[in-house]
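*Asks:* Pasting the sequence and the predicted coordinates here, then a few questions.
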Amino acid sequence: MSGTIRRPAPEGGTFITRPAAAELRGVTRRRIDTLIQQGKLPAYEVAGRVMVLEADVLALELPTAPPEGWISRHAAAKILGCTHRAVGLMVARGDLPAEEFGGRLYLREADVRKAATPRRVIPPRRR
């Protein structure tokens, strides 16, 4: 990890920065910040920086991949040609069914591909 700031912890172990923690687990720094805010990852202020214990980061249980046949909102957005927020609105309206696994929202890939298939429509008549 290049540019990683590491500090020894008083009780043993090593403090690392949030970007280093994200790199270590293959997630974004925003995900690390969310875990800290939710209380799932304890954080400490060390020399004016917010840092986490390396052992705590390694002990986190994070979902690695969606279940077979399910995709994330971001992947669905690429298939549909829209934003992940638009996919979220489609789910909220009931246009696309979705399920939550491990606190994250997933959609069936078959449902998304069906919604992405063009279909012929007849425009409304003018009066």
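*Replies:* Good, I have the coordinates.
*Asks:* Surely residue 62 is in a strand?
*Replies:* No: the assignment for residue 62, made by DSSP: H, G, I helix; E, B strand; the rest coil, is coil rather than a strand.
*Asks:* What distance do you get for it to residue 85?
*Replies:* Per C-beta to C-beta, to the nearest Å, residue 62 is found 23 Å from residue 85. (C-beta placed from N, C-alpha, C; glycine too.)
*Asks:* To which secondary structure element is the residue positioned nearest the centre of the chain assigned?
*Replies:* Centroid-nearest residue in the chain: residue 31, 6.6 Å away (criterion: C-alpha atoms, centre = their mean). Using DSSP states H and E, residue 31 maps to helix 29-37.
*Asks:* Give the next helix or strand downstream of that helix.
*Replies:* Taking DSSP H and E, what comes next after helix 29-37 is strand 44-46.
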